[in-house]
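*Asks:* Build me a model from this:
(2 chains)
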Amino acid sequence: MRDTLRWAYALNQWNVRLDVFVRHEDQQRALKTASACGFDTIELASGTGRWDNISRPEVILLNHGSHQGFLDFLRRAKVHGVSSMFWDPQQPTEEEEGYAFRSTANPADHDAIVEWSKPFVDFVAGVGADQLVVRPVGSAWMSPPLDADGIKLIGDVWNRIGELTSAAGLGLALHYDCLGAVHTEAELTGLLDATDPATVGLALDTAEFTVGGIDPVAFYREHADRVTHVHLKDTRYADTGEEYRMPGAESTMLKGGAGRRIERWFYELGTEGGLVDVKGFVAALRENNYPGWVVVESDHGGNPAELAMLNSWYLQHELGVAKR
Amino acid sequence: MVWTKWSYMDHWVTETPQGPQPPSFNRAYMDRYIKQLSALGFTGFDTFFFYLPFYAGMYGGVPGFERFLRDNGFDKITGIFSAYPSATKYTAPHVRETHDRIVADCTTTLRMCEGLTGVENFIVMPTSTYYQTEPVTDDTIKVVADLWNRVGKLTLEQGIKTTCHFEFWGAIRTREQLDTFFRYTDPELVHFFCDTAQHTIAGVDPVQLFRDYKDRCTGFHFKDTKNVDEHEAYRTPPDPELMAPQVTRWFYEMGEGGLVDFPALMKEIVASGYDGWLTVEHDKAELGGGSYAEATAVAKWYIDNVLAEAEARSELSGSIQGARR
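*Replies:* Coordinates of the predicted model:
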């Protein structure tokens, strides 16, 4: 996609389960799909183990020999590079970390989390990407509400990792999500205040913000200087009943297992009844000469190729972005 | 120059609340389907005669559907596909007594195309299944040829060319049978539609076939196959495409390591001066867990990269030869 903005596409929607998206030819088909839709840069998402072989730095390198080998693999499909990689240190990983559960909210875990970040920092730098995008804190339902001191502790660990990313020439972007323990606008601005603007930015996900009750356009206009990364997707729903606090909200809320039984929260751009003002948001990015990546994604929303094509259609026909 | 006249043949299955269905499930699914094709850059749309009433219902007439296509960057409906795969006592191209009924059916279909921008091809399966038609003799082929000469005259009056699309399991399938058929049909009235996979499965080289019949060729189905029919699967009743014992999936999208040499075909097309539509077809892409959406994106990637290069090389070689002359 050719524009004043830098567009990329997230591969996370293809990698929806542990035992899929493993064969290289399947990955090539996804890359070709993104390329045919006009996206020549991708965002990777972290994973674990031998089947997440396009998601875990050590395993990617094992598969492709080197950073260059992996880039060559992408370029076979005319995908020229990697914009960013998403990593959630709260996610227990198997062989790599011995299934340890750790949390940025627990200072006793901080040293280990900083250590865990290093393969990601090295890999993101090694493939020439710009941003390490991270989930700053675990889900709200798993811990008591955070007070200002709790948020400051979380900021501490990201400041430490921000020093590592900066030293590697990378940005570090904290990705707000709608289940996170940093949930309200006040909590989010508290976390931004607790982190160093020189090394730690915000990944603004338009749908996650909207589900979580924060207006992405207004927030962006107020905090444009801190937004260093964007995930662009839509939603038809907002969490108006604090469902994010339900036990097991990952399935009880996000997979429709309880509450309102909403089975799918995230939608492609241009979806009927979409709550995100996509055009207004993109206009705000342009007004601010936003310099980062805009990563289009359709997180667990259905057939990945269909959604990639619909997103491409929206960019071309509604946002006026030239495909080539 | 990059080839811009890429059309898409209207096979598609998508997930709906009632399971996997064609996008004609409802208007909203059709809208999504057409947007996806548009995003990839297709500008022509080929469809089946039996979908026309659905589209007319959804969009206030077939021209209304075409207007919707145009609103999404398409040029027009490029081809209408009609077929009698199963011979019945009412309709069987090799039975002369059924021809009046078939001509009447074609007239009905043509009536539905009135008001369209310019459908170019009335694409027909010239015969029913091989096993229902055999023995296939010269006389059998002559009867079939007479039917399509008649239909060809009819469609031409509406500015549409009747063009014959042969199946590997149809009664006219070998190179010798194809040559006989073309000899018995009037080149002004009956044209050739080259389905790359169907010919390959039947053991006929589609590139050579195009070379030999390029003057009568009015369109293509670009699809691939990984198998030549070596076990007379073409005689499997009642349907070799889904019931052949040896091969469970015959058709693949381009770029998946199949047998068809698409770059060679592209070079021949450019060298021939053909300037019509090239149509991508995915037939039964869902077999084995495939997705029509992904197949379409991957095929368009192949067009944008591999075929564009073959096309450019052919043009370069043509201009060098022109300069030498």
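*Asks:* what helix or strand does the residue in the stretch 51-200 of chain A that chain B sits nearest to sit in?
*Replies:* Per CB to the nearest CB, A:Lys78 is where the stretch 51-200 of chain A lies closest to chain B, at 5.8 Å. From N, CA and C alone the C-beta is placed, and that goes for glycine too. Per DSSP states H and E: A:Lys78 is located in neither a helix nor a strand.
*Asks:* which non-adjacent residue is nearest it?
*Replies:* Distances taken as CB to CB, 6 or more residues apart in numbering or on different chains put A:Ser35 closest to A:Lys78, at 4.5 Å, once the chain neighbours are dropped.
*Asks:* Tell me how many other residues crowd the one you found.
*Replies:* 24 (other CB atoms under 10 Å in any protein chain shown).
*Asks:* I'd like to know which elements the host helix or strand of it is packed against.
*Replies:* Using DSSP H and E, A:Ser35 falls within helix A:24-36. Packed against helix A:24-36 by the contact rule (3 or more CB pairs under 8 Å, 6 or more residues apart in numbering or on different chains; DSSP states H and E) you find helix A:67-76, helix A:304-317, helix B:292-302.
*Asks:* Is there any residue in whichever helix or strand comes after the last one that contacts chain A?
*Replies:* I take that to be helix B:292-302. Where DSSP H and E defines the elements, the next helix or strand beyond helix B:292-302 is helix B:308-324. No - counting by CB under 8 Å from any CB of the partner chain, chain A is not contacted by helix B:308-324; separation bottoms out at 11.0 Å.
*Asks:* now the strands for the stretch 1-150 of chain B?
*Replies:* B:6-9, B:14-16, B:19-21, B:44-48, B:76-82, B:121-124 (DSSP state E, counting those that start in this stretch).
*Asks:* Excluding residues flanking it in the chain, which one is nearest A:Lys323?
*Replies:* A:Gly38 is the one closest to A:Lys323 (CB to CB, 6+ apart), at 3.8 Å.
*Asks:* how close does that neighbour get to A:Tyr9?
*Replies:* 9 Å (CB to CB, to the nearest Å).
*Asks:* ditto for B:Ala244
*Replies:* As for B:Ala244, its distance to A:Tyr9 is 38 Å (criterion: CB to CB).
*Asks:* who's more crowded, the two?
*Replies:* Legend: neighbour count by other CB under 10 Å for B:Ala244 and A:Tyr9, higher for A:Tyr9 (29 against 22).
*Asks:* so the more buried one is in which element?
*Replies:* Applying DSSP H and E, one finds A:Tyr9 within strand A:6-10.
*Asks:* A:Gly273 now?
*Replies:* Here A:Gly273 is covered by no helix or strand, with elements defined by DSSP H and E.
*Asks:* Count the residues that sit near it.
*Replies:* So A:Gly273, with other CB under 10 Å, has 9 neighbours.
*Asks:* and what of A:Thr184?
*Replies:* Counted with other CB under 10 Å, A:Thr184 comes out at 14.
*Asks:* got a list of what it touches?
*Replies:* A:213-214 (CB atoms under 8 Å, 6 or more residues apart in numbering or on different chains).
*Asks:* Can you check the pLDDT for it?
*Replies:* With respect to pLDDT, A:Thr184 has a value of 97.
*Asks:* Then the one 10 residues further on?
*Replies:* The confidence metric pLDDT takes the value 98 at A:Ala194.
*Asks:* okay, how far is it across stretch B:131-146, tip to tip?
*Replies:* Distance between the boundary residues of stretch B:131-146 (CA to CA, to the nearest Å) amounts to 21 Å.
*Asks:* distance between that stretch and the chain's centre?
*Replies:* How far stretch B:131-146 lies from its chain's middle: 22 Å, per CA atoms, centre = their mean, to the nearest Å.
*Asks:* number of nearby residues for residue 195?
*Replies:* You didn't say which chain, so I picked chain A. Neighbours around A:Thr195, by other CB under 10 Å: 25.
*Asks:* that's the wrong chain, I wanted chain B
*Replies:* 25.
*Asks:* distance of it from B:Trp148?
*Replies:* From B:Asp195 to B:Trp148 the distance is 16 Å (CB to CB).
*Asks:* ditto for B:Gly318
*Replies:* 34 Å.
*Asks:* More neighbours: these two, which one.
*Replies:* B:Trp148 (28 against 14).
*Asks:* need the contact list for that one.
*Replies:* If you count contacts by CB under 8 Å, 6+ apart, then B:Trp148 has B:93, B:124, B:126, B:162, B:164, B:185, B:189-190 around it.
*Asks:* 10 Å instead?
*Replies:* For B:Trp148, the contact set (CB atoms under 10 Å, 6 or more residues apart in numbering or on different chains) comprises B:93, B:99, B:102, B:106, B:122, B:124, B:126-127, B:155, B:162-164, B:181, B:184-186, B:189-191.
*Asks:* residues contacting B:Thr133?
*Replies:* B:87, B:92-95, B:127, B:140-141, B:144, B:170-172.
*Asks:* do the same with A:Ala258
*Replies:* Contacts of A:Ala258 (CB under 10 Å, 6+ apart): A:243, A:246-249, A:251-252.
*Asks:* next one: B:Asp138
*Replies:* Going by CB under 10 Å, 6+ apart, the list of residues near B:Asp138 reads B:177, B:180, B:183-184.
*Asks:* try 8 Å
*Replies:* Here B:Asp138 is in contact with B:Thr180 (CB under 8 Å, 6+ apart).
*Asks:* And stretch B:126-135, what's buried?
*Replies:* B:126-133 (16 or more other CB atoms under 10 Å in any protein chain shown).
*Asks:* and if you look at stretch A:62-76?
*Replies:* Burial within stretch A:62-76, assessed by neighbour count using 16+ other CB under 10 Å, is assigned to A:63-64, A:67, A:70-71, A:73-74.
*Asks:* And for stretch B:185-194?
*Replies:* B:185, B:189-194.
*Asks:* Now do it, average pLDDT.
*Replies:* Rounded mean pLDDT across stretch B:185-194 is 98.
*Asks:* Having no further points to raise, I will conclude here.
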